[in-house]
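>>> Predicted model, plus sequence, below.
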Amino acid sequence: MANRIDGPHVEETRARKALFEQYVTAGWSRVDGGPAEILQPYWGGDGASLAWGGASVPNSARVAERFGEGVGDGPLSDLVAQVVPDDARIHERLVTTARTSMADALDLLWTAAFLASPDSAKELAAASALTPSVAEPARAWLAEVGDDEEFTVRLCQALEDIEQGQEAGPGRESFGVGQVRAALQEGVVRIRETLADRTTSPVADRLRAELAPRITEFLGDVLTYYRLRPATGAGTGIGGKIEDVLREANAQRGPRDPFVLVAHSMGGNIVYDLLSGPLAAEDLTVDLLVTAGSQVAFFEELSLFSPHPPDVPGTAGLRLPMPAAVRRWLNVYDMNDLLSFRAEPVFEGVEDHSFRSGRLRAHSAYFLAPSFYARLGERLGPLRSGPQALAAEDGWR
């Protein structure tokens, strides 16, 4: 992940850790009895740094759109615009959305709560895991609630009933309904105050205002990485930092502890560059590589990693092999994410899966949606019995 030491990136990093612990590594321990280790390498300090603070990026549409009303919450603003019906009243955005899609309404509320209360990320992640248990009963009382605050009160009551009704089991922790209730109520406030009116400026201006910050950061990181990358491949600068963490993770694992590597966007390009370059000759095995919103195959088509053999590609449909260190590779892309690409047509053995977030800011949406972690956790299930238990499973959608 191209993490940065600033408010939004720090909040997202904390939310990611809590969601990984809830959906992916819950009940998963190392052979020595210790908890599964989650490492989130920081390399943002070596990424793009704009000398004039981004003054070259046009942003007049963003100022005009937010003048005098509402607040811009980045991913939340986009999600409101994508899932909330246009005719929804300001205090009934969740309720109106739920009448069309309960799943969209709950995803919206959890996202708002995570962003509004990052200190409660762990408790929120635990509570969000109960979403399937409350979604169906919620449809029965939906007609009885008049606004979003009532909706949230009834949802918290349902969560509390489930919490009290469940017996404590191994590794299970109470998430504390009071803390979750406060975070959800703050999330409702965020949803109410988030600006989602796309009629105040031309479509092109809005798209630039919404997408420019992350795209500018992404392009800057790509250019910075390749400007500092030695001709022999990754291994210094950003690549060196990631290389050190991969070696550390490999050194910490036991003989039956699986090594799962999850990479987003430019992170996928960096780990591929390392695994097919400096780390290719080392005793390192990645049991499962997951790339999400990444451009590895696209960059390989441009020969940005290393020159291709003369017969690849060709009319015979020849493909490149995966890095020898990788046992299985899942590549996840979103049709709404213009920075995500398929990998299966370029690499032998890669499994492409689509994930439909339905969001304009799809590139940053993967790791904010609990449903993404739930699906990832399902596919990592066999690894709980050790690397040899990993079996191919179909269907990410």
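In hand now; what should we look at?
>>> Start and end of stretch 358-373, how far apart?
One end of stretch 358-373 sits 16 Å from the other (Cα to Cα, to the nearest Å).
>>> pLDDT on that stretch, on average?
Mean pLDDT, stretch 358-373: 82.
>>> Would you map the strands across the stretch 251-397 of the chain?
Assigned by DSSP state E, counting those that start in this stretch, the strands in the stretch 251-397 of the chain fall at 260-264, 288-292, 320-321, 329-333, 347-348, 351-354.
>>> will you turn the ones you listed into a markdown table that also has mean neighbour count, mean pLDDT and distance to residue 368?
No exception for glycine: its C-beta is placed from N, CA and C like everyone else's. Shown next, in a markdown table, are the strands of the stretch 251-397 of the chain (neighbours: other Cβ atoms under 10 Å; pLDDT from 0 to 100; distance: least, Cβ to Cβ, whole Å):
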| stretch | mean neighbour count | mean pLDDT | distance to residue 368 |
| --- | --- | --- | --- |
| strand 260-264 | 22 | 93 | 11 |
| strand 288-292 | 24 | 96 | 12 |
| strand 320-321 | 16 | 91 | 32 |
| strand 329-333 | 24 | 95 | 14 |
| strand 347-348 | 16 | 94 | 27 |
| strand 351-354 | 16 | 94 | 18 |
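>>> Let me have these in CSV, extended by distance to residue 300.
Listed next are these as CSV, based on distance: least, Cβ to Cβ, whole Å:
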stretch, distance to residue 300
strand 260-264, 15
strand 288-292, 12
strand 320-321, 7
strand 329-333, 12
strand 347-348, 8
strand 351-354, 14
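>>> To residue 86, which of those strands lies closest?
strand 351-354 (26.8 Å; Cβ to Cβ).
>>> Name the spans of the stretch 151-300 of the chain whose pLDDT lies under the cut-off.
Within the stretch 151-300 of the chain, the ranges that satisfy pLDDT under 70 run 166-177, 195-211, 232-235.
>>> what about residue 136, how many residues close to it?
9 (other Cβ atoms under 10 Å).
>>> wait, is it part of a helix?
Yes - membership of residue 136 in a helix is supported by DSSP: H, G, I helix; E, B strand; the rest coil.
>>> Looking at the strands of the stretch 251-397 of the chain, which is nearest to residue 138?
In terms of Cβ to Cβ, the element of those nearest to residue 138 is strand 351-354, at 27.5 Å.
>>> Partner strands of the closest one, with direction?
strand 329-333 (parallel) (DSSP bridges).
>>> Run through who's touching the strand it pairs with.
288-294, 296-297, 322, 340-344, 347, 349-355, 366, 379, 396 (Cβ atoms under 8 Å, 6 or more residues apart in numbering).
>>> Now with 7 Å, please.
289-294, 322, 340-344, 349-355, 379, 396 (Cβ atoms under 7 Å, 6 or more residues apart in numbering).
>>> Tell me the secondary structure of residue 13, please.
Applying three-state DSSP: residue 13 is helix.
>>> Kindly provide the distance from it to residue 331.
Separation of residue 13 from residue 331 (Cβ to Cβ, to the nearest Å): 23 Å.
>>> Look up how far residue 105 lies from residue 124.
Taken as Cβ to Cβ, the span from residue 124 to residue 105 is 16 Å.
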